[in-house]
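# Please work out how this folds:
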Amino acid sequence: MKISVILGHPYKDSFNAAIAETVVTTLKDNGHMVMFHDLAQENFDPVIPASELADDSTEDLLVLTHQKEIKTADGIIIVHPNWWGQPPAILKGWVDRILRENIAYTFPEGDDGGGLPIGLLKAKTGLVFNTSNTPKDREDIVFGDPLHRIWKDCIFDFCGVKEFDRTMFRIIAGSTSDERKQWLEEVHRMVNQYFPLKE
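Numbers count the residues shown, from 1 in each chain. Below is the predicted model:
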């Protein structure tokens, strides 16, 4: 299987980077083809130009590469921190520029975009790994866990990716090396669950 792995964190030595490394290693060990992108290291430009918004075309070669790959992916794995209940700007910009109409979704003929979308992505499974410094009770009660709705309903389901799972690791600030080791083992187990060893 071809799996797209997207990391949205500016620090190359972050725990998010360690999660992404575990994801990539596990997928490769299981015999899958990995299309990995560290958006910050690639200097991905998250700002969508007016011309690109107007006609859904781009001359940005990196954007074109990402669009081509996401259309062929059998699975998608996203790794990012929880910043203000949202993905970091670089990852939000990736969504804006890559998951475009006629790339990730479309509408029925004659629909001007106000109806129900038709997902176009080939991927059947979307996984998200998040990190946070917000306690779970506060996240759920006060904020309503917006990242879950964003990824599950507003992005993956919209684009036709129906199988979804997400894990949040917390509290990152002050976490011990043993806790982080256990969290990475959980990442390994989760990737194995959804993208097992090819037979």
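
# helices or strands up against the one helix or strand Leu62 maps to?
Using DSSP states H and E, Leu62 sits in helix 61-72. With contacts taken as 3 or more C-beta pairs under 8 Å, 6 or more residues apart in numbering; DSSP states H and E, helix 61-72 sits against strand 2-7, helix 89-98. Bear in mind the C-beta positions are built from the backbone N, C-alpha and C, glycine included.

# just how off-centre is that helix within its chain?
Helix 61-72 sits 14 Å away from the centroid of its parent chain (C-alpha atoms, centre = their mean, to the nearest Å).

# Report the buried residues of it.
Within helix 61-72, the residues that count as buried by 16 or more other C-beta atoms under 10 Å are Leu62, Val63, His66, Gln67, Ile70.

# Correct me if wrong: the last one contacts Ile77.
The reference is to Ile70. No - counting by C-beta atoms under 8 Å, Ile70 stays clear of Ile77, with 12.0 Å between them.

# what touches both of the two?
Common neighbours of Ile70 and Ile77 are listed as Ser4 (criterion: C-beta atoms under 8 Å, 6 or more residues apart in numbering).

# quick revisit: can I get the helices and strands packed on helix 61-72 in JSON lines with mean neighbour count and distance to Glu139?
Converted to JSON lines, these look like this (neighbours: other C-beta atoms under 10 Å; distance: least, C-beta to C-beta, whole Å):
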{"stretch": "strand 2-7", "mean neighbour count": "23", "distance to Glu139": "22"}
{"stretch": "helix 89-98", "mean neighbour count": "20", "distance to Glu139": "19"}
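
# follow-up on the earlier one: following the chain past the helix holding Leu62, name the next helix or strand.
That would be, after helix 61-72 and using DSSP H and E, strand 75-81.

# ok, that next one: who's next to it in the sheet?
Its sheet considered, strand 75-81 pairs with strand 2-7 (parallel), strand 125-131 (parallel) by DSSP bridges.

# Report the contact partners of Phe156.
By C-beta under 8 Å, 6+ apart, the residues touching Phe156 are Ile76, Gly126, Lys162, Phe164.

# do the same with His32
Counted by C-beta under 8 Å, 6+ apart, His32 has contacts Met1, Lys2, Ile3, Phe195, Lys198.

# who's in contact with the longest helix belonging to the chain?
The residue-count maximum for a helix in the chain (DSSP state H) belongs to helix 177-194. Contacting residues not belonging to helix 177-194 are listed as 15, 18-19, 22-23, 26-27, 30, 75, 77, 125, 127, 129, 163, 165, 167, 169 [C-beta under 8 Å, 6+ apart].

# what's the least confident helix or strand in the chain by mean pLDDT in contact with?
Every helix and strand of the chain was ranked by mean pLDDT, DSSP states H and E. The lowest is helix 136-138, at a mean of 78. Outside helix 136-138, the residues that touch it by C-beta under 8 Å, 6+ apart are Met168, Arg170.
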